[in-house]
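# Could you look at this predicted model? Sequence included:
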Amino acid sequence: MTASVLGFAAFMFFFRLYLIRRCWSLPHKHGKDFFLAQRVEADFYQGAGRMLLRRYHACLFLPLGVDVPVVAWMLLAHRYIFLSLEQIAAYVASLVAYNVMLVHFGIRAADLARPGAEEPVKTLQLSMAPRRLRDHTNLAVELMIACAVILDAVFLWHAYHLSHAAGTTHHTARLFRGGIVFAVWIGYWQLGALLLKWVFVRWRMPLPVNRTEDFKRWRTAWLKYNLNTVDAIRGLTAILLPWATAWMIYRRIWSTSAMIVLAGGSLLIMGVFIVYARRLERRLKAAEKELKPVEMVKEFPRRPIAEGRFLAGGLLYFNHDNPSVLVRSPHGVGINLSHPSMYAWTAYFAGLLVLITWMSKI
């Protein structure tokens, strides 16, 4: 059991390293004349851009640097289950941090490429089409989740009766309790995935006056990629729920051949997920290659420095009247902690920490 838990933690840590590798070359994604989505001069990387690129690469390791003392403590304290849960939370936190970093360094590149220059306001359009989460609901995914919950409930019901039939031994009672805890854990991540889908659906972008239809096509492809990716993760965790519960309850009575089939099925499911995720990624890259959204967003004027109160060097921002979560600060990007969605996400991550702490003591 310990080996499998440590293996899972190592697997999640590998994914975090892979995430750094993916982000490492993003500044040059559109060519040497760009830093992220910002067009720069030919000598940009010989001057101020060189230091900016170094800072960008260094910042990619910040989440790992913060995490190292925590991982070391959990290894020394033999809190292996807590370590595996912490690595999942750290992976999600890293995703959020890297997206904020991309916005921050994009703004810094624009400031360095055109120091002190503010572009005149250009005419833009804003799509007023209503966006509702239910309009982007995949019925097949929702049915899969519902079936997984029902099947998991059947396994838990059987585990409950086994515990009573066995005289409520410590082992059988622990299996039932572990199944309940795992179901709560998966359910909480399902809630987070729905919150993330809501963010993607409600995220509005201005429309350029030129090539408006092409931009809408790219925006549709971008939204479809993100929503399908989130739904794929939700479907994977839904399948994992009864699968893991059955393994916890019946692994002592299953034969070696049954365990091999279970392991093979797990690898097959993960393989299908990876192939599907890569397929979605290729489709988005094909749309970007055809439509070149980086050329279309050149029409967008630079955002002015937001009005309001900044703290922590401009990283934290407070203004109830500003509808944006991420704003331009005097030194890059500012996170609007007064935005209503920030309350929901702050409560969610606080609840996640409480849940991890509770689960580590079970």
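Received it, and whenever you're ready, just let me know what you need. Numbering: from 1, shown residues only.

# so Gly179 makes contact with Ala159?
Yes. Using CB atoms under 8 Å, Gly179 makes contact with Ala159 at a distance of 5.8 Å. C-beta: built from backbone N, CA, C; applies to glycine.

# what's the overlap in contacts for the two?
Thr245, Ile249 (CB atoms under 8 Å, 6 or more residues apart in numbering).

# what about Leu75, distance to Leu6?
From Leu75 across to Leu6, the span is 9 Å (CB to CB, to the nearest Å).

# What's the per-residue pLDDT of the residue nearest to Asn228 when sequence neighbours are not counted here?
Excluding the flanking residues, the one nearest Asn228 by CB to CB, 6 or more residues apart in numbering is Leu280, at 5.5 Å. Predicted confidence (pLDDT) at Leu280: the value is 92.

# oh, and call the first residue 512 from now on, that's how I've got it
Right, with 512 as the first residue, what we last looked at is Leu791.

# quick one: secondary structure of Leu791?
Three-state call for Leu791 (DSSP: H, G, I helix; E, B strand; the rest coil): helix.

# Next up, the contacts around it.
Tyr736, Asn739, Thr740, Ala743.

# Which two among the residues you listed are spaced furthest apart?
Tyr736 and Ala743 (10.6 Å; CB to CB).

# who does the helix or strand hosting Ala651 touch, helix- and strand-wise?
Element membership of Ala651, judged by DSSP states H and E, is helix 650-676. Where contact means 3 or more CB pairs under 8 Å, 6 or more residues apart in numbering; DSSP states H and E, helix 650-676 is packed against helix 681-713, helix 723-761.

# Out of these, the one nearest Tyr556 is which?
When the helices and strands packed on helix 650-676 are compared (using CB to CB), the closest one is helix 723-761, at 27.2 Å.

# quick one: low-confidence ranges for the stretch 512-661 of the chain?
Within the stretch 512-661 of the chain, the segments meeting pLDDT under 70 span 512-515, 592, 625-641.

# Phi, psi for Trp714 please.
phi -70, psi 120 (degrees, to the nearest 10).

# pLDDT at it, what is it?
75.

# Number of residues surrounding it?
13 (other CB atoms under 10 Å).

# That one and Arg565, how far apart?
Trp714 sits at a distance of 31 Å from Arg565 (criterion: CB to CB).

# re earlier: residues in contact with both of Leu586 and Leu517, list them for me.
Leu594.

# Distance from the helix or strand Trp584 falls within to the middle of the chain?
If you go by DSSP H and E, Trp584 is part of helix 573-587. Distance of helix 573-587 from the chain centroid (CA atoms, centre = their mean, to the nearest Å) equals 20 Å.

# Please apply the same query to stretch 707-725.
19 Å.

# Buried ones in that stretch, by neighbour count?
By neighbour count on 16 or more other CB atoms under 10 Å, the buried set for stretch 707-725 is Leu707, Lys708, Trp709, Phe711, Val712, Met716, Leu718, Pro719, Arg722, Asp725.

# Export that stretch to PDB, keeping only CA atoms.
The C-alpha coordinates for stretch 707-725 follow below in PDB (Å, rounded to 0.1, in the frame of the first residue of the first chain):
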ATOM      1  CA  LEU A 707     -13.700  26.000 -13.700                       C
ATOM      2  CA  LYS A 708     -16.200  25.300 -16.500                       C
ATOM      3  CA  TRP A 709     -18.300  28.200 -15.300                       C
ATOM      4  CA  VAL A 710     -15.200  30.500 -15.500                       C
ATOM      5  CA  PHE A 711     -14.500  29.400 -19.100                       C
ATOM      6  CA  VAL A 712     -18.100  29.800 -20.100                       C
ATOM      7  CA  ARG A 713     -18.500  33.200 -18.600                       C
ATOM      8  CA  TRP A 714     -15.100  34.500 -19.700                       C
ATOM      9  CA  ARG A 715     -15.700  37.300 -22.200                       C
ATOM     10  CA  MET A 716     -13.200  38.600 -24.700                       C
ATOM     11  CA  PRO A 717     -13.500  41.700 -26.900                       C
ATOM     12  CA  LEU A 718     -13.900  41.100 -30.700                       C
ATOM     13  CA  PRO A 719     -11.600  42.800 -33.200                       C
ATOM     14  CA  VAL A 720     -13.200  44.900 -35.900                       C
ATOM     15  CA  ASN A 721     -11.300  43.100 -38.600                       C
ATOM     16  CA  ARG A 722     -11.500  39.300 -39.100                       C
ATOM     17  CA  THR A 723     -14.300  39.200 -36.500                       C
ATOM     18  CA  GLU A 724     -15.600  35.800 -37.700                       C
ATOM     19  CA  ASP A 725     -12.200  34.300 -37.700                       C
END
